[in-house]
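Visitor: Quick one, what's the 3D model for this:
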Amino acid sequence: QDSPWCHEPNKLYQRFARLYPTSKFVLTTRNADEWYNSVVRWVKCVPGKEGQCGNKKMERYRAIFGANSTSREDFISAFELHNSDARQFFNEELNQPERLLDIDLTNKDYGNRVGWK
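Guide: As a prediction, the model looks like this:
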């Protein structure tokens, strides 16, 4: 779930990381094009749920995610920026990279990666 964790400028993961200094976080990523295609499928209408689909839903998600527009390019840019910001926050700002487990769930070998102990 991307929301409310990435909502600008709140970035709740940053607030929680500071409030709970021993907490750990998981960043799940995947290919940006696959992610965007999933977003497009997600915003389509669900029978019986008028007003929560199509362009309205895409615009709402754009605002939550912090994209400049609803274009593919802007959504992917916001997705990549979010992932980069999360990594930078734990690696450089907190200097605690061990608190972030960064996993590409589409990678078949992710289960074999070194994770938390």
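
Visitor: Confirm that V39 sits in a strand.
Guide: No: secondary structure of V39 (DSSP: H, G, I helix; E, B strand; the rest coil): helix, not part of a strand.

Visitor: my guess is it meets R60, correct?
Guide: No: judged on C-beta atoms under 8 Å, V39 makes no contact with R60 at a distance of 11.9 Å. In this view, the C-beta of every residue, glycine as well, is placed from N, C-alpha and C.

Visitor: Between the two, which contacts overlap?
Guide: With contacts taken as C-beta atoms under 8 Å, 6 or more residues apart in numbering, V39 and R60 have no neighbour in common.

Visitor: okay, these two: which has more neighbours?
Guide: Comparing V39 with R60 by other C-beta atoms under 10 Å, the one with more neighbours is V39, at 21 against 13.

Visitor: dump the residue contacts of that one.
Guide: V39 touches 58, 61, 75, counting by C-beta under 8 Å, 6+ apart.

Visitor: Would you mind identifying the next helix or strand past the longest helix along the chain?
Guide: For the chain, the helix with the greatest residue count under DSSP state H is helix 72-88. Following helix 72-88 in sequence order, the next helix or strand is strand 100-104 (DSSP states H and E).

Visitor: Note down every partner strand of that next one and its orientation.
Guide: In the sheet, strand 100-104 lines up against strand 25-29 (parallel) (DSSP bridges).

Visitor: Quick one: end-to-end distance for stretch 16-36.
Guide: With C-alpha to C-alpha, to the nearest Å as the measure, the first residue of stretch 16-36 is 27 Å from its last.

Visitor: Quick check: buried residues in that stretch?
Guide: For stretch 16-36, burial by neighbour count (16 or more other C-beta atoms under 10 Å) applies to 17, 25, 27, 29, 35-36.

Visitor: Need the contact partners of that stretch.
Guide: Residues outside stretch 16-36 that contact it (C-beta under 8 Å, 6+ apart) are 13, 72, 75-76, 79-80, 83, 86-87, 89-90, 94, 99-106, 116.
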